[in-house]
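>>> Next come a sequence and a model predicted from it.
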Amino acid sequence: MPRIIDRKKKESGFTLIELLVSVGIIALISGLFLTNYRKGGKNAELQAAAAKMASDIRLAQDNALGAKEFSAGSILCGWGVYLNESSPSSYIIFADLASDQDCSKASRARDPGEDSETVFLPSGITIYDISGGTFGNVVFAPPDPIVYINGNENSGNLAITLKSSSTGAVKTVSVNFFGLIEIN
């Protein structure tokens, strides 16, 4: 008896519907990834600005601990950071030469040489809120350093809220009366 060989081949592959569903799922996942990727970049910029501000406050603290001189022959009374909501895109790192624990406009009029450096925040990042008012000062006076927040020695806390205008996200840089600096 002769053997009959079945020559039918089972065809394998994708149907058009399966292919369209697969492409649709890939497109959806890619769209979600790109949306979150762009938003994540803006949030990373806010995080970097908060970290820079905290680092600059630590720099003022380190300068006071090391009794770093501001200029030759100046009697140094401390280092600090001054923030003002009326100029929300910058803050000032200053040497407190007048020993008034302040770097406001009135203080700079008394001692115009106090400004050390004006630091500008990245575009789209602003100082949104300063706890306790429209301005904030944190000054570290050597040798310990003694911490002055808004002119008050070893009392209170200063919270500076930074906001991203593109995402609405916020980060808060806090300084307590012990000199501990945190980012929340």
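Sure, I can see it. Because the structure is a prediction, the values reported are computed rather than measured. Residues are numbered from 1 along each chain as shown.

>>> Which SSE is immediately downstream of the longest helix along the chain?
The residue-count maximum for a helix in the chain (DSSP state H) belongs to helix 16-65. Using DSSP states H and E, the helix or strand that follows helix 16-65 in sequence is strand 79-84.

>>> So which residues lie in contact with that next one, not counting its own?
With Cβ atoms under 8 Å, 6 or more residues apart in numbering as the test, strand 79-84 has contacts from 56-57, 59-61, 63-64, 68, 91-96, 101-104, 116, 127, 130, 134-140, 148, 160. The C-beta positions use only the backbone N, C-alpha and C, and glycine is treated the same way.

>>> From the chain's centroid, how far away is it?
15 Å (Cα atoms, centre = their mean, to the nearest Å).

>>> Which positions in the helix or strand following that strand come out as buried?
Later in the chain than strand 79-84, the nearest helix or strand by DSSP H and E is strand 90-95. In terms of neighbour count (16 or more other Cβ atoms under 10 Å), strand 90-95 has its buried residues at 91-95.

>>> what distance separates strand 90-95 from the centre of its chain?
15 Å.

>>> That one pairs with which strands?
Here strand 90-95 has these sheet partners by DSSP bridges: strand 79-84 (antiparallel), strand 115-120 (antiparallel).

>>> Please identify the most buried of those strands.
strand 79-84 (a mean of 25; mean count of other Cβ atoms under 10 Å).

>>> Looking at the buried residues of strand 90-95, which is nearest residue 85?
For these, the residue nearest residue 85 by Cβ to Cβ is residue 91; the value is 10.8 Å.

>>> gap between the residue lying closest to the closest one once chain neighbours are set aside and residue 16?
Once flanking residues are discounted, residue 91 sits nearest to residue 83: 4.5 Å by Cβ to Cβ, 6 or more residues apart in numbering. Remark: distance between residue 83 and residue 16 (Cβ to Cβ, to the nearest Å) = 62 Å.

>>> ditto for residue 151
Taking Cβ to Cβ, one finds residue 151 at 74 Å from residue 16.

>>> Kindly report the same for residue 28.
Residue 28 is 19 Å from residue 16, by Cβ to Cβ.
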